[in-house]
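In: predicted model, plus sequence, below.
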Amino acid sequence: MLELLRIKNMALIEDLEMELSPGLNVLSGESGAGKSFILRALDFILGAKISTDMVRPGRDKAVVEAMFADSREEELMLKREISAETGRSRCFVNDSLSSQTKLAELREKLLIHTSQHGQQKLLKPAYHSRILDLFWDGGDLFREKSNTLNELRELDAEKERVEQELKSLAEKKDFLLYQKEEIDKVGPKAGEEEELQEKQKRIRSRADLTENINSALDIIHSGGVLDNILALHRKVEEMARDNQDFQPFAEQMQEVSDYLRELESGLRSAPMQEGVQELESVESRLWELSSLKRRLNRDMNQILDLEREIQDNLSFLDQGELTLKQLARKQEELRNKLSRIADKISTGRKSACGPLKEAMESSLRQLGFPEEISLHFEFFAEEIYPGVEESRPRIMWIPNPGQSPQPLDKIASGGELSRFLLALVGLRSEHNLPTLLFDEVDAGIGGETLNKVGRHIRELSATRQVILITHWPQLARLADRHFLVSKKIRDRETSTQCRRLGEKESREELARMAGGGDELRAMAENMAGR
């Protein structure tokens, strides 16, 4: 229930606060006093959009705050404001920043606003299914239907994606095969290019060593270095035999000769492979890889990724038709499941017609319709998914004897629709029922019918909170809490005010609503003594 409503700087409202009772709360006042602004504020805080011209002139922003409480006395604080400059609004739920969507989700749990807009929904056959569905236990079926429809939509999207991808790949198939052929001809492997470049470096380094060894041997032999050293060694030994002073030189020459022979031996035993053919093979392979990179305009890692991608795409092309068949099979299974659910829902709706018809006819009679009033449900098939139909109801009625069944929009007046909506709302019996807000529910009715409407509203208020806006004293007198909406002019500024009336003030307001005058005032006094 709505415990507290505060409105600041919205339209003609400067600062308005209302504390409401759990039962029947009545708002009355002259036409144009500003009752509609209070309704707009309630709609705004529960997610509706308003324009910046609803911000009071000269103010930065309009603010609406509301406090709701459920049967467990758990409170919910809502706040919403709109900037006059930007038109942006901010929402708060229990002091935490929230969204307009969240407020809209909360709305159905907190408030049912029955007005001319609600009456217009009654004229739409699509809304009649929602009415009928309130009166039979089909919750699991509706959830199963929703889940199955979601699965089918996801399946449809997946099927469309596969078809589009197959179409796109089919158009590129020749190019994919060309790229695959180019890659297959070369057959690159991961890390191959780096290994070849390293091998090329090693071969070139080994080739330089071989060349230097051959050059050194050429110097030793072609230049006669070794022969000359040996000849010189013999001469020095001859001199040492003749003169001991040359003995050290002879020994040193022996060492030189030995070193030179060891060098020659070492050079001859070193690896002497040319490696030319191996180097040519490596460089030829590197050239193939480089040419492939130029043709495909990718580096080697990208080419290897492309190879995997091409293989995946070609495999997808091969498997695509099978995938589509599997999706179509699953789609058919879900379509059959949805069809069975739709049949059960259709059966459930038809079985609920009788109880709803009886309950509605009884309520409508209590609201002043003729005893002979009769409701009928006409069913028509509506496609909820290609190939799946569901029976949807259209409410038909005979408000007067002798007429044939007609749809609501053909024969129902505003007053009749108001009472029809009132009867529907009264049949709901959930726990933690939302607050009922009746605006112009008394339009087009009077006399004893008005009294019957009043009794019905009074009965509703015994089990849930009701807010009623009315111009009829017969209804206002039933209030548990009576509020007067009025306009005041101060310092050339007009403002809408709303104040709770005491018992004496309520009698005076009932007299005003009755038309004034001593006789009518006495009638109002009598009304107030209910």
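Out: Cool, got the structure. Numbers count the residues shown, from 1 in each chain.
In: which ones are touching N451?
Out: Neighbouring residues of N451 by C-beta atoms under 8 Å, 6 or more residues apart in numbering: Q474. From N, CA and C alone the C-beta is placed, and that goes for glycine too.
In: is it within a helix or a strand, and which one?
Out: helix 447-460 (DSSP states H and E).
In: next, count neighbours for the closest residue in space to K452 that isn't next to it in sequence.
Out: In space, and not counting its chain neighbours, K452 is closest to G368: 4.6 Å by C-beta to C-beta, 6 or more residues apart in numbering. Around G368 sit 19 other residues, with neighbours defined as other C-beta atoms under 10 Å.
In: show me what contacts G368?
Out: The contact partners of G368, taken as C-beta under 8 Å, 6+ apart, are 419, 445, 448-449, 452-453.
In: which pair in the residues you listed spans the largest distance?
Out: Farthest apart among those by C-beta to C-beta are R419 and E448. That separation is 12.9 Å.
In: which of the two has more neighbours?
Out: Legend: neighbour count by other C-beta under 10 Å for R419 and E448, higher for R419 (27 against 9).
In: could you find the closest non-adjacent residue to the more buried one?
Out: L367 (4.3 Å).
In: thought that neighbour was touching H456?
Out: Yes - in this structure L367 lies within contact range of H456 using C-beta atoms under 8 Å: 5.7 Å.
In: circling back to that earlier point, E416 versus the residue nearest to R419, what's the distance?
Out: 9 Å (C-beta to C-beta, to the nearest Å).
In: same deal with D305?
Out: Following C-beta to C-beta, the distance that separates D305 from E416 is 72 Å.
In: who's more crowded, these two?
Out: Counted by other C-beta under 10 Å, D305 and E416 do not tie: E416 has more neighbours, with 21 against 12.
In: quick one: secondary structure of the closest residue to M10 other than its chain neighbours?
Out: Nearest residue to M10, sequence neighbours excluded (C-beta to C-beta, 6+ apart): A62, at 4.1 Å. Secondary structure for A62, judged by DSSP: H, G, I helix; E, B strand; the rest coil, is strand.
In: A62: neighbouring residues, count only.
Out: Count around A62 with other C-beta under 10 Å applied: 24.
In: C-alpha coordinates for stretch 370-383, PDB please?
Out: What follows is stretch 370-383 as a C-alpha-only set of coordinates in PDB (Å, rounded to 0.1, in the frame of the first residue of the first chain):
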ATOM      1  CA  PRO A 370     -29.800  -5.700 -15.500                       C
ATOM      2  CA  GLU A 371     -30.400  -9.200 -14.000                       C
ATOM      3  CA  GLU A 372     -30.500 -10.600 -17.600                       C
ATOM      4  CA  ILE A 373     -27.000  -9.400 -18.500                       C
ATOM      5  CA  SER A 374     -25.000 -12.200 -20.100                       C
ATOM      6  CA  LEU A 375     -21.300 -12.600 -21.100                       C
ATOM      7  CA  HIS A 376     -20.000 -14.800 -23.900                       C
ATOM      8  CA  PHE A 377     -16.500 -15.700 -25.000                       C
ATOM      9  CA  GLU A 378     -15.800 -16.000 -28.700                       C
ATOM     10  CA  PHE A 379     -12.600 -17.700 -29.500                       C
ATOM     11  CA  PHE A 380     -10.400 -17.100 -32.500                       C
ATOM     12  CA  ALA A 381      -7.100 -18.700 -33.600                       C
ATOM     13  CA  GLU A 382      -4.000 -16.500 -33.500                       C
ATOM     14  CA  GLU A 383      -0.600 -17.600 -34.800                       C
END
